[in-house]
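Asks: Dropping a prediction and its sequence here:
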Amino acid sequence: MSTKTRTGTEMTNETRLEPWQAGLVGGIVGGAVFGAMLTMMMTPVIEMAIPALYGIAGPAGLAGWVIHMANSAVLGVVFGALVGASALSDTGKLAGAGLAYGVVLWVVLAAIVMPVWLSAVGFPMSPPLPNFNPMSLVGHAVYGVVLGIVYAAFR
């Protein structure tokens, strides 16, 4: 006597990225939007200050963009790791998490780390410490929101 057992196989055409991958894509897209804002509203930051962090004398717009995009990608991966470990999946909540992340990045990296680092490398136009620049806050907030939305779309 024989018995038959049926097993089900679920098929899906959906492509989902791992959290770090979705964070990478979100970081790149958010970085491109923020970089465009920097180029239009705060040109000396992308052409002079960002390259100076790595010892590149400006104006060096291309170097500033490359460094900015690399930083944006790495910070996107960090975001992916943080929210990937959480239960967040709603686009609105991920956009909110991205906004909060962008504000934290602004406070820690733009307002504190960047002025200290620029002073350490002898950049002549080092910003004050802390450097609570409202335009920089807007750029970091936009980066975070775009990062969160793109993360949600790919995750």
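Replies: Looks like it came in fine. Residues are numbered from 1 along each chain as shown.
Asks: List the buried residues in the host helix or strand of residue 152.
Replies: Residue 152 is part of helix 134-154 when elements are defined by DSSP states H and E. Applying a neighbour-count criterion of 16 or more other CB atoms under 10 Å, one finds 136-137, 139-152, 154 buried in helix 134-154. Every C-beta, even on glycine, is put in place using the N, C-alpha and C of the backbone.
Asks: cool, stretch 95-103 as well?
Replies: 95, 97-99, 101-102.
Asks: ditto for stretch 103-120
Replies: Using 16+ other CB under 10 Å as the test for burial, stretch 103-120 gives 105-106, 110-111, 114-115, 117-118.
Asks: Tabulate those in a markdown table, adding columns for pLDDT.
Replies: What follows is the buried residues of stretch 103-120, written out as a markdown table (pLDDT from 0 to 100):
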| residue | pLDDT |
| --- | --- |
| 105 | 98 |
| 106 | 98 |
| 110 | 96 |
| 111 | 97 |
| 114 | 96 |
| 115 | 96 |
| 117 | 96 |
| 118 | 96 |
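Asks: Show only the entries of these found in helices.
Replies: Per DSSP state H, helices hold the following members of these: 105, 114-115, 117-118.
Asks: can I get the buried residues of stretch 95-103 in CSV with secondary structure?
Replies: Converted to CSV, those look like this (DSSP: H, G, I helix; E, B strand; the rest coil):
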residue, secondary structure
95, helix
97, helix
98, helix
99, helix
101, helix
102, helix
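Asks: Tell me the one of those nearest residue 69?
Replies: For the buried residues of stretch 95-103, the minimum distance to residue 69 (CB to CB) is 16.0 Å, reached by residue 102.
Asks: wait, the closest one sits on residue 145?
Replies: Yes. Assessed by CB atoms under 8 Å, residue 102 is found in contact with residue 145 at 6.9 Å.
Asks: Thanks a lot, catch you later.
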